[in-house]
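[1] Quick one: sequence plus predicted model below, questions after.
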Amino acid sequence: MDPKTRPHPPKRGILIPKAGFNMTLSAVIRGILAVVVVAAGCGSPATEEGAGPPPPAPQQQSAPPAPGAPDFKGLLPAPPPGFGKSAQHLVFFSNRGQPDRTDSRAFELFRVNLNGRGLVQLTTSSAYDREPAWSRDGKRIAFTSSHVDGKEEVFVMDAGGGKVRQVTNFNAHCWSLAWSPDGEALTFVSNVGGDDGEIYLFKLNSDAWLNLTNSPGVEDGLATWSPDGKTIAFVSNREGAEQIYLMAPDGSGVKRLTPGPGPNTAPAWSPDGRRLAFVSGRDGNYEIYVINADGSGLKRLTHNLAYDWSPAWSPDGRKIAFTSTRDNPQETYNVFIMDADGGNVIRVTSGPGRDLIPRWWP
């Protein structure tokens with residue numbers, strides 16, 4: 001099929017292209033168990049000058065009961081990013097147990113060896129506990145849950161379960177969680193102000209707020225921290241097509257990273273912080289590219305008429321895992337691995353269901 005005539009992702013699809021997947025951006029992001037080393041949250045209104053209008057103050061009422069430990073409490077923490085780390089598995093999110101269902105509750109977390117063997121289902125979720133994300137030291141998990149007020153609020157708990165802290169009480173959706181590398185802050189996206197999505201930062205030690213973006217009428221999201229914690233990459237449609245931008249952790253110094261046409265989305269920092277892998281439709285099809293952190297050195301890595309998505313660097317920076325509909329007549333996603341220069345593409349998973357958002361695992 002001519003890539004220019006292929007169905008494009010929905011306008012809000014800055015995480016998963018359509019390819020038969022009929023969930024909107026917010027539904028997909030909130031419903032995906034993005035097992036990453038970074039996560040996000042929300043808390044008290046910001047007081048810093050220039051932080052933008054603060055989110056509404058929590059309702060003055062008795063605190064809702066804290067949820068019990070979610071079903072993923074027994075999972076191993078994700079390895080921190082950095083060179084010299086080894087990874088023997090990939091973890092991904094899939095509905096392969098119920099391939100005919102596309103709602104978020106049909107998706108569970110799976111682990112597989114890099115050679116495609118040893119597939120293990122890690123979660124069997126009975127509640128809307130979503131997006132588990134480990135702090136870099138592996139001691140805490142941030143996650144969203146909707147079983148308190150029906151909206152996806154942000155919680156933090158000890159990795160072993162217990163001591164669950166409700167971070168937000170917005171009666172609004174929060175998603176796209178990301179920890180700062182030092183574990184002292186969480187970024188997240190919320191529609192608490194009525195917009196499609198703004199990026200917020202919550203400092204856990206001081207309960208201080210920052211409204212990092214304030215762009216009415218546009219959607220900002222998919223914030224991800226550089227390994228040194230000095231820069232946040234994020235996706236925004238503020239100039240029309242989705243582009244990747246960089247900003248300081250206080251929301252200042254916003255600059256566009258990706259040149260030329262879009263959409264450009266799904267950024268992933270290399271472990272050394274020098275490059276970002278991302279997805280772009282600039283050539284008429286969704287492919288994976290890399291770019292230097294200063295905006296130079298744009299290079300296309302994949303060349304396939306299928307959708308290639310969700311790049312994730314290996315801890316040693318030598319490989320990139322991704323999902324793709326290639327070699328699948330039903331355009332179902334499977335997990336693949338390639339060298340960081342785009343060579344030696346290896347298929348890891350096959351079979352029913354949609355295998356999404358791979359992350360490297362020890």
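    The structure has been received and is ready for your questions. Numbering: from 1, shown residues only.

[2] How about Asp283, nearest residue that isn't a chain neighbour?
    Arg300 (7.2 Å; Cβ to Cβ, 6 or more residues apart in numbering). Where you see a C-beta, it was placed from the backbone N, CA and C, and this is true even at glycine.

[3] What is the neighbour count of the one you found?
    13 (other Cβ atoms under 10 Å).

[4] ok, now how distant is Ile346 from Thr168?
    Separation of Ile346 from Thr168 (Cβ to Cβ, to the nearest Å): 40 Å.

[5] okay, those two: which has more neighbours?
    Thr168 (27 against 14).

[6] Roughly how far does that one sit from Leu222?
    Shown here: Thr168 relative to Leu222, a distance of 19 Å by Cβ to Cβ.

[7] before we move on, what about Asn115?
    Distance from Asn115 to Leu222, by Cβ to Cβ: 30 Å.

[8] Dig out what Gly221 forms beta bridges with.
    Gly221 forms beta bridges with Val235, as assigned by DSSP bridges.

[9] again but with Gln166, I slipped
    Counting by DSSP bridges, the residues bridging with Gln166 are Phe155.

[10] so it makes contact with Phe155?
    Yes - using Cβ atoms under 8 Å, Gln166 makes contact with Phe155 at a distance of 5.4 Å.

[11] got the contact list for the closest residue to Leu298 other than its chain neighbours?
    Nearest non-adjacent residue to Leu298, counting by Cβ to Cβ, 6+ apart: Ile291, 4.9 Å away. Neighbouring residues of Ile291 by Cβ atoms under 8 Å, 6 or more residues apart in numbering: Leu257, Thr258, Arg275, Leu276, Phe278, Gly297, Leu298, Lys299.

[12] Give me the buried entries from the residues you listed.
    Buried by 16 or more other Cβ atoms under 10 Å: Leu257, Thr258, Arg275, Leu276, Phe278, Leu298, out of the contacts of Ile291.

[13] any idea which of the residues you listed is closest to Gly351?
    Phe278 (27.6 Å; Cβ to Cβ).

[14] For the closest one, give me its contacts.
    Contacts for Phe278 (Cβ under 8 Å, 6+ apart) come out as Ile244, Thr258, Asn264, Thr265, Ala266, Pro267, Ala268, Ile288, Tyr289, Val290, Ile291, Pro311.

[15] Just give me the closest of those residues to Phe107.
    The nearest member of those to Phe107, counting by Cβ to Cβ, is Ala266 at 17.7 Å.

[16] what number of residues lie near that closest one?
    For Ala266, using other Cβ under 10 Å, the count is 27.

[17] which element is the nearest residue to it once chain neighbours are set aside on?
    Counting by Cβ to Cβ, 6+ apart, Ala266 lies nearest to Val279, which is 4.4 Å off, once chain neighbours are set aside. Taking DSSP states H and E as the definition, one finds Val279 inside strand 275-280.

[18] so how far is that strand from its chain's centroid?
    In this view, strand 275-280 has its centroid 13 Å away from the chain centroid, taken as Cα atoms, centre = their mean, to the nearest Å.

[19] Mind listing the strands that strand pairs with, and their directions?
    Here, using DSSP bridges, strand 275-280 pairs with strand 264-269 (antiparallel), strand 287-292 (antiparallel).

[20] Show me what the mean pLDDT comes to for the last one.
    Which is strand 287-292. Averaged over strand 287-292, pLDDT sits at 98.

[21] Also stretch 307-320?
    94.

[22] could you dump it to PDB, C-alpha only?
    What follows is stretch 307-320 as a C-alpha-only set of coordinates in PDB (Å, rounded to 0.1, in the frame of the first residue of the first chain):
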ATOM      1  CA  TYR A 307       4.400   1.300  11.200                       C
ATOM      2  CA  ASP A 308       7.500   1.400  13.400                       C
ATOM      3  CA  TRP A 309       6.900   2.800  16.900                       C
ATOM      4  CA  SER A 310       8.000   3.200  20.600                       C
ATOM      5  CA  PRO A 311      11.800   3.200  20.400                       C
ATOM      6  CA  ALA A 312      13.700   2.200  23.600                       C
ATOM      7  CA  TRP A 313      17.500   2.300  24.000                       C
ATOM      8  CA  SER A 314      19.200  -0.700  25.600                       C
ATOM      9  CA  PRO A 315      21.000   0.300  28.800                       C
ATOM     10  CA  ASP A 316      24.400   0.100  27.100                       C
ATOM     11  CA  GLY A 317      23.200   2.200  24.200                       C
ATOM     12  CA  ARG A 318      24.000  -0.400  21.500                       C
ATOM     13  CA  LYS A 319      20.500  -1.500  20.600                       C
ATOM     14  CA  ILE A 320      17.000  -0.100  20.200                       C
END
